[in-house]
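J.: The amino acid sequence is not available; the structure is as follows:
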């Protein structure tokens, strides 16, 4: 038992749930901030899936409510704070740019103000994103690659990223940014392309659906497993000095090839079911993302453990199990 205390925003999301599981396994006391929802019993399904719901202390809060956050941080007395909460669906950020800016951008500053004001000795992790690279300025993106975000989400995350650096340098805080490339799992929401694909493939295999509708299948992404990536989050906060790190697999794959893995796993032909729908094209596309995780490997020995093939087949199997159980 470490005796350490951790506070996680976004604890009911994919990353928050896996991170909470990891920290509990390491003996941490974990407090998670959740938005009050009218859908009782729905928001906590990921924690239930991992079997840890009863082990996490959940408290009501919102990144837009500074006073509530201050009270939560004072009560939790965290040794480590992980800010994972955000409006994190890229497509929605064009429909809700102001909300995205407030929650994803300013919300991070609310947490930094809490850190500075009432928990300056705590170590802080900010969830940055490869979407900040956007229109890529280098073929493989590292910590020194110039940013060029292509969505309101990417812009808001870049603001939070630089504010984290500014607070670190201005106030001597142990605050680090994790620039995570795409990371998925069976806990990913169905609005994200990987889970949309694996859920659709499972439905098609079970005779519940006939087609999968997607937009730009030529876009390339560097996909890893969220379970691997939360390990990197924790490792960043164990370092003597705070810093910023790219977390990625170093391999990029088209959306189409990712789909092929899913369909092939259940013995189906992608061309019999895939439909290209212009409604799913982004206003400004990010064509290629490919991360260079060399700094993380050199500094604290992290590297991705799960191949894309293993990730996608795990997700398809989980969706088939879920759908069969609800049949």
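T.: Right, received. Where do you want to start? A quick note: this is a predicted structure, and the numbers were derived from the prediction, not measured.
J.: okay, residue 39: pLDDT?
T.: On pLDDT, residue 39 comes in at 56.
J.: wait, residue 229
T.: We have a pLDDT of 98 for residue 229.
J.: repeat for the one 5 residues further on
T.: For residue 234, the pLDDT comes out at 98.
J.: Could you do residue 283 as well?
T.: Note on residue 283: pLDDT of 84.
J.: Tell me, how many residues neighbour it?
T.: 9 (other C-beta atoms under 10 Å). For the C-beta atoms, the positions are set from N, CA and C on the backbone; glycine is no exception.
J.: pretty sure it is touching residue 94, no?
T.: Yes. In this structure residue 283 lies within contact range of residue 94 using C-beta atoms under 8 Å: 5.7 Å.
J.: Give the residue farthest from the middle of the chain.
T.: Relative to the mean C-alpha coordinate of the chain, counting by C-alpha atoms, centre = their mean, the farthest residue is residue 272 (31.7 Å).
J.: In its sheet, which strands sit next to whichever helix or strand residue 176 is part of, and in what direction?
T.: Residue 176 is located in strand 174-180, with elements delineated by DSSP states H and E. Counting by DSSP bridges, the strands paired with strand 174-180 are strand 123-129 (parallel), strand 244-247 (parallel).
J.: now the helices for the stretch 201-327 of the chain?
T.: If DSSP state H, counting those that start in this stretch is used as the criterion, the helices of the stretch 201-327 of the chain fall at 226-236, 255-265, 294-300, 308-325.
J.: out of those, nearest to residue 203?
T.: Closest approach to residue 203 among the helices of the stretch 201-327 of the chain (C-beta to C-beta): helix 308-325, 6.4 Å.
J.: could you measure residue 64 against residue 9, distance?
T.: 12 Å (C-beta to C-beta, to the nearest Å).
J.: I misspoke; the intended subject was residue 205.
T.: Noted for residue 205: a distance of 36 Å to residue 9, by C-beta to C-beta.
J.: so who does the residue lying closest to residue 129 once chain neighbours are set aside touch?
T.: Spatial nearest neighbour of residue 129, excluding adjacent residues (C-beta to C-beta, 6 or more residues apart in numbering): residue 157 at 4.9 Å. Residue 157 makes contact with 86, 104, 105, 128, 129, 131, 132, 149, according to C-beta atoms under 8 Å, 6 or more residues apart in numbering.
J.: Great, nothing more from me.
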